[in-house]
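In: Would you be able to build a 3D model of this:
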Amino acid sequence: MTTTVYKILLFMKRRPDMTMADFIDYYENHHVPLALKYGASFAGYTRRYLTPQPCAATGQTEELPYDVITELSYDNETTFRRTLAYLSTSAMPDEIVEDEKRLFDRSKQRMATVVERSTPL
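Out: Model prediction:
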């Protein structure tokens, strides 16, 4: 039987004055609890912190456009679509917006969706 999971991917860049270590610490210890307060409908909430690696052609390691890919997972398509519509507006709670300003370069945030289908082998 195939399972379907709906995901919202948030691509985010830390503020330029933050180190990666400070960014991860703040995200995990301040922003995650705040997000959980407003996001009770998640089936999953995963943060994937990115570490740039050297380019094979040049040997250079360059900063990436994003520092984290945050994945919000939903088992229910209706909840997924409602959350997506909500996140696509500017009607976020002031508490979330103010916290994001402490953490992210909000002008660089991007969002994408994924419909994932898995078949057990």
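In: So R47 belongs to a strand, correct?
Out: Yes - counting by DSSP: H, G, I helix; E, B strand; the rest coil, R47 is located in a strand.
In: Burial check on it, number of neighbours?
Out: As a burial measure, R47 scores 16 neighbours (other Cβ atoms under 10 Å). For every residue, glycine as well, the C-beta is placed using N, CA and C.
In: ok now do it, which residues does it touch?
Out: Residues near R47 by Cβ atoms under 8 Å, 6 or more residues apart in numbering: Y27, E28, V32, V68, I69, T70, E71.
In: and the gap between R82 and T89?
Out: 12 Å (Cβ to Cβ, to the nearest Å).
In: Settle it for me: which of the two has more neighbours?
Out: R82 (13 against 7).
In: that older thread, quick check: strands, which of the contacts of R47 are part of them?
Out: Among the contacts of R47, the residues falling in strands (DSSP state E) are V68, I69, T70, E71.
In: In the protein, where is pLDDT below threshold?
Out: Along the chain, the model assigns pLDDT under 70 to residues 40.
In: where exactly do the helices run in the protein?
Out: Along the chain, the segments classed as helices by DSSP state H run 20-26, 32-38, 77-87, 94-103.
In: Mind listing residues that contact the first one?
Out: With contact meaning Cβ under 8 Å, 6+ apart, helix 20-26 is reached by R14, R15, M18, Y49, D67, V68, R102, L103.
In: Swap in 6 Å and give it another go.
Out: The contact list for helix 20-26 (Cβ atoms under 6 Å, 6 or more residues apart in numbering) reads R14, Y49, L103.
In: repeat for the longest one
Out: Residues outside helix 77-87 that contact it (Cβ under 6 Å, 6+ apart) are Y6, I8, S41, Y74.
In: Would you mind writing the PyMOL command to select the buried ones in these?
Out: Of the contacts of helix 77-87, the buried ones go into a single PyMOL selection, burial set by 16 or more other Cβ atoms under 10 Å:
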select buried, resi 6+8+74
